[in-house]
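Peer 1: Next one to model:
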Amino acid sequence: MFHDIHWLGHDSFRIEGSGMVIYIDPWQIPEGPPADLILITHDHHDHCSPEDVARIRTPHTVIMTVAAAAAKLPDPVRVVQVGERREVGDVLIETVPAYNLNKFRSPGLVFHPQQAGNVGFIVTVDDRRIYHAGDSDLIPEMAGIICDIALLPVSGTYVMTAAEAAEAASLIRPKLAIPMHYGRGTGSVADAQHFEAGCSVPVKILPCEDPLTTNEMPG
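Peer 2: All right, here's what the predicted structure looks like:
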């Protein structure tokens, strides 16, 4: 189920299927095949990296992201908003909300405000619906997510904690949950393990293909 889903560290993934190579939030990624499709959840530097996009982009690569991130990238870029459905080849892309409720940069100011319009993606590849939550807390809209595989942030501080992510998985009920957003400056493998221990759905902790991200298990 997950052999064609590659975790590249932090929130970065490469997904291969439906005849396409798809990257989500490529940032400090290792060498890999060129992209047919690049999806970027928001404009923060650890998600929207012009340098990484340039390394995997070809003249035929389709890039989809929100307006704030598109402004940082060379054209052409397809700008998306929450609640859209787009098709690229045989891949269906749906945009869903991603925002904070209780992770604050300063009193009253969250790191990822809802009004910023940041997105998560549901990508249908080879008849499987893969949900990438982006940088989000456990938000009410997750109750409406239908997916086979959920990629969920678990490190806290800027996104859901492991316990909150486990609650999100219980709400979404995917066939498989994969933890992300840990191991590079925020969070650790221990967060992924705590998520797995508290999760009511099957969990797979993917090995990271990025040498900058530690895969060491805590002692």
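
Peer 1: Need phi/psi at the closest residue to Val159 other than its chain neighbours.
Peer 2: If you skip the residues right next to it in sequence, Val159 has Pro153 as its closest partner in space, 3.6 Å away by C-beta to C-beta, 6 or more residues apart in numbering. Every residue, glycine included, has its C-beta placed from N, CA and C. With angles defined as degrees, to the nearest 10, Pro153 shows backbone torsions of phi -70, psi 150.

Peer 1: Now for Pro153: which residues touch it?
Peer 2: Going by C-beta atoms under 8 Å, 6 or more residues apart in numbering, Pro153 touches 11, 133-136, 159-160, 165, 179-182.

Peer 1: Closest one to Glu209 out of those residues, please.
Peer 2: Taking C-beta to C-beta as the measure, Glu209 sits nearest to Met180 out of the contacts of Pro153, at 12.9 Å.

Peer 1: ok now the lowest-mean-pLDDT helix or strand in the chain, how far from the chain's centre?
Peer 2: When the helices and strands of the chain are scored by mean pLDDT, DSSP states H and E, strand 104-106 comes last with a mean of 85. Per C-alpha atoms, centre = their mean, to the nearest Å, the displacement of strand 104-106 from the mean C-alpha position of its chain is 22 Å.

Peer 1: In the sheet, which strands lie alongside that strand, parallel or antiparallel?
Peer 2: Looking at strand 104-106 with DSSP bridges, its paired strands and their directions are strand 109-110 (antiparallel).

Peer 1: still on that earlier bit, contacts for the least confident helix or strand of the chain?
Peer 2: For strand 104-106, with C-beta under 8 Å, 6+ apart as the criterion, the contacting residues are 110-111.

Peer 1: And for stretch 124-131?
Peer 2: Everything outside stretch 124-131 that qualifies as a contact, by C-beta under 8 Å, 6+ apart, is 1, 4-5, 15, 17-18, 20, 22, 91-94, 96, 120-123, 145-151, 172, 174.

Peer 1: Can you select the buried ones among these for me in PyMOL?
Peer 2: One line in PyMOL is enough to select the buried members of the contacts of stretch 124-131, burial here meaning 16 or more other C-beta atoms under 10 Å:
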select buried, resi 5+15+17+18+20+22+91+93+94+96+120+121+122+123+145+147+148+149+150+151+172+174
